[in-house]
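>>> take a look and give me a structure for this.
(2 chains)
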Amino acid sequence: MEENQKFTFSVYTENNIGILNRLSAIFLKRHINIESMTVSKSEIENVHRFTFVVNINEVKARKLVGQLEKQIEVIRAFYHTDDEIIYQETALFKISTKYLYDEKIQTKLKFKRAHIVTITERYFVIERTGSKEDIDRLYEKLEPYGMLLQFVRSGRIAITRPKMAISELLSEIN
Amino acid sequence: MQKPFLLLLKAVLRINFKLMETLKKEDKEETSSKTLKIKGAEAVIKCLLEEGADLAYGYPGGAIMPVYDEIFKYQDQFHHVLARHEQGAAHAAQGFARVTGKPGIVFATSGPGATNLVTGIADAQIDSTPLVCITGQVASHLLGSDAFQETDIIGISTPVTKWNYQVTKASEIPEVMAKAFYIAKSGRPGPVLIDITKDAQFGELDFSYKKCEKIRSYKAIPEFDIHKVKEAATVINSAKKPFIIWGQGVIIGGAEKEFKDFIEKTDIPSASTVLGLSALETSHPLNVGMVGMHGNYAPNILTDDCDVLIAIGMRFDDRVTGNPSIYAKQAKVIHFEIDSAEIDKNVKTDVAVLGTVKETLAEIMQYVDKADHKEWMKEFDKLYQIEKDQVINDQLNPTKPGLTMGEVLGGINKETNGDAVIVSDVGQHQMFACRYADFIKTRSSVTSGGLGTMGFALPASIGAKMGAPDREVVAIIGDGGFQMTCNELGTILQAKAAVKIVVLNNSYLGMVRQWQELFFDKRYASTEMVSPDFVKLAEAYSIKAQRVSERKNLDAAIKEMMQSKESYFLEVIIEQEDNVFPMIPTGASVSEIRLS
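Now for the predicted structure:
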């Protein structure tokens, strides 16, 4: 049996109600936990792009893509290993303003790409964009001090290194 | 003096007349545009008629009433069969679809009406049966409010439909219905469900209908690759012991002739899956029976001995493969398939030939050599003889006192000569029907294969009879399955469906009991069945009925049943603890098939 690894699925779909349900049902049917998911519009008008991250083996990934693509409103589905994509996640950390001038925090925040988004009298919000590991590292630095009022992280978004040729495919069909 | 006055009068009159003409015309135009405006509910019926569908099965209720009102108005063009439960309506539509190849049409109301359809829809999905199910839904302003008889049927049916859609505006109906038919019928067929809110049924639209021919995100038929066809032909031409397993794809694709031409030219022994039965006549010299858990001995054993395994329009279900990790490991596998998601899903394929089997089998004919596999075929004959001696003879010509299911099927064969549509339910009797019924025509075996839905056969036989009114339709049902949908006797009565119903009664849920006997030390947990007097029950529905419990009366009873012009009910009391053999135990390889 092949080892499990992280796969990112890019699924191009029509922009209709109920597609999320149809796609997630395929993961559910195979008893696969979705680690993260994002939906947004894509580079093509009226075409939406789902990005799923799951931890499975490649045989399963191949079968999943087949079953995803089989759905009527799915235009194309792809799966990628981490090497084949450029990917990011974004996290927001809400922290009490009393820590703002805390030296420890100051040093923790001397990370590249951690920005302060807003400062109010009561709290300030830090945004960090990067890999899941980057965000986890910052989280681990801040959380032990009990200073996190809120924490939230987005699902992965990914752009592939190889071409996906969706536009060509669509112009071919249309 | 008068002349100019008259002229003026004439002119005025003419103008008036013209004005009136124009007014009249405008009036006319207005009315004709008014007649184009119809209600959503009427549009549903008009769409069905546009698609050539004039028969539906269903059950009315609050949220679908506007559509039923139109069914009433269109009754001279559109026929509706009232089922006794929505599940029965769905199975009846499946029976119709399976014998005709056309989508079965189902109506149900919202809430329980819709949820009752789910078993039938799931059955149709797994057995690739085209259905167009139309459910009523609460008015759109009530959606999500837990209104009376509201249920999220789109959410519930998503995993078991090929496509579904909720209509909330009347104007959407023609396009959505056209899409529904296109999706249900094309490629690998399947069920679609259209949920229409009550306000969309009442709402008005300008009706015009255009059939759907393509959907940009959906490729019904995968691209045909001539290189794969040639590659497959090369492998087939070099095979010494080739073996074919065909499935329902041959029937759905209407490729019976292409299939027969192909096997006859290549002289390859061929076995069917449960759903592929009747695509090739039972008596064909190359037909070596059925594969799978209760299939024939030879094709199962030799699956693990062939050098090339050619799968045609089938999907390597686990009931076919036994343990897939040790399935046909010695063989090169060629898979002719329309659904690319089936390639490598269960069994790794060496050559995948995508496309409709009608096209790919026709295409491969010019590349395959005429071959002779008589020696290889002898191995099938040898093993068949073993199965005949140890299993088949005891079933067809039993010497023990109790009646066997096999001999009932044998008796039916004698009367029908294989020309009937056999609709079987799920369980032991189903396996006996699949193993022993003779077929001479395609689309003659209707059964619930993938889902294994007990209760399928009685309602499915109603649809089958309506789809093939000139053929005899014989439903083979167990005492368990019969009681799951025996309410549909009411549908048979009301719709005057002349189906022949055979209940093989062993007072057990026989298949489960057999497993309990073999694998659970005979602990018969909840498989013994006390049943009512089935003959009286059938007679209560004005269906002529009789019970046979002795061998000497069997043939005459079957003859009487088959000669009846109307529906007929025959109960046969079967030996209680009879088992279906051969059998592949779960997790075993197909060649470990047991004869006892």
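>>> number of nearby residues for the residue of the stretch 451-596 of chain B found nearest chain A?
Residue nearest to chain A within the stretch 451-596 of chain B (CB to the nearest CB): B:Leu451, separated by 14.3 Å. (C-beta placed from N, C-alpha, C; glycine too.) Other residues lying near B:Leu451 total 18 when counted by other CB atoms under 10 Å in any protein chain shown.
>>> please enumerate the strands of the stretch 351-500 of chain B.
B:351-354, B:421-424, B:445-447, B:473-478, B:500-505 (DSSP state E, counting those that start in this stretch).
>>> okay if I get the ones you listed as TSV plus mean pLDDT and distance to B:Gln546?
As requested, the strands of the stretch 351-500 of chain B are arranged in TSV below (pLDDT from 0 to 100; distance: least, CB to CB, whole Å):
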stretch	mean pLDDT	distance to B:Gln546
strand B:351-354	98	51
strand B:421-424	98	20
strand B:445-447	98	24
strand B:473-478	98	15
strand B:500-505	98	11
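>>> before we move on, back to that, so the residue of the stretch 451-596 of chain B closest to chain A sits right up against B:Asp127, yeah?
Yes. Using CB atoms under 8 Å, B:Leu451 makes contact with B:Asp127 at a distance of 7.0 Å.
>>> tell me which element the closest residue to the residue of the stretch 451-596 of chain B closest to chain A other than its chain neighbours falls in.
Excluding the flanking residues, the one nearest B:Leu451 by CB to CB, 6 or more residues apart in numbering or on different chains is B:Asp123, at 4.3 Å. Here B:Asp123, judged by DSSP states H and E, is contained in helix B:118-126.
>>> dump that helix to CSV, restricted to CA.
Extracted in CSV, the C-alpha atoms of helix B:118-126 (Å, rounded to 0.1, in the frame of the first residue of the first chain):
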residue,chain,number,x,y,z
VAL,B,118,-34.6,7.6,-2.4
THR,B,119,-34.2,3.8,-2.5
GLY,B,120,-35.4,3.7,-6.1
ILE,B,121,-33.1,6.5,-7.1
ALA,B,122,-30.1,4.9,-5.4
ASP,B,123,-30.9,1.7,-7.1
ALA,B,124,-31.1,3.4,-10.5
GLN,B,125,-27.8,5.2,-9.9
ILE,B,126,-25.8,2.1,-9.1
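>>> longest strand anywhere in chain A?
Counting by DSSP state E, the longest strand found in chain A is strand A:85-96.
>>> contacting residues around that strand?
By CB atoms under 8 Å, 6 or more residues apart in numbering or on different chains, the surrounding residues in contact with strand A:85-96 are A:8, A:36, A:105, A:117, A:122-132, A:135, A:138-139, A:142, A:147-161.
>>> over to stretch B:512-529?
So stretch B:512-529 is contacted by B:428, B:479-480, B:507-510, B:577, B:579-580, B:583, B:585 (CB under 8 Å, 6+ apart).
>>> ditto for stretch A:76-84
A:5-12, A:61-62, A:64-65, A:68-69, A:158, A:160-162, A:164, A:166, A:169.
>>> now, which of the residues you listed lie within strands?
Those of the contacts of stretch A:76-84 lying in strands (DSSP E): A:5-12, A:158, A:160.
>>> from B:Lys179, how far off is B:Ser589?
44 Å (CB to CB, to the nearest Å).
>>> if we can go back for a sec, can you count the residues close to the residue nearest to B:Leu451?
26.
>>> what do you get for B:Glu213?
8.
>>> before we move on, what about B:Asp470?
So B:Asp470, with other CB under 10 Å, has 5 neighbours.
>>> need phi/psi at the one residue sitting closest to the centre of chain A.
Taking CA atoms, centre = their mean, the centroid of chain A lies closest to A:Arg156, which sits 1.2 Å from it. Main-chain torsions, A:Arg156, degrees, to the nearest 10: phi -70, psi 140.
>>> run through the residues of chain A sitting next to chain B.
Within chain A, the positions lying close to chain B (CB under 8 Å from any CB of the partner chain) are A:13-14, A:17-18, A:21-22, A:25, A:28-29, A:62-63, A:66-67, A:69-70, A:72-75, A:170, A:173-174.
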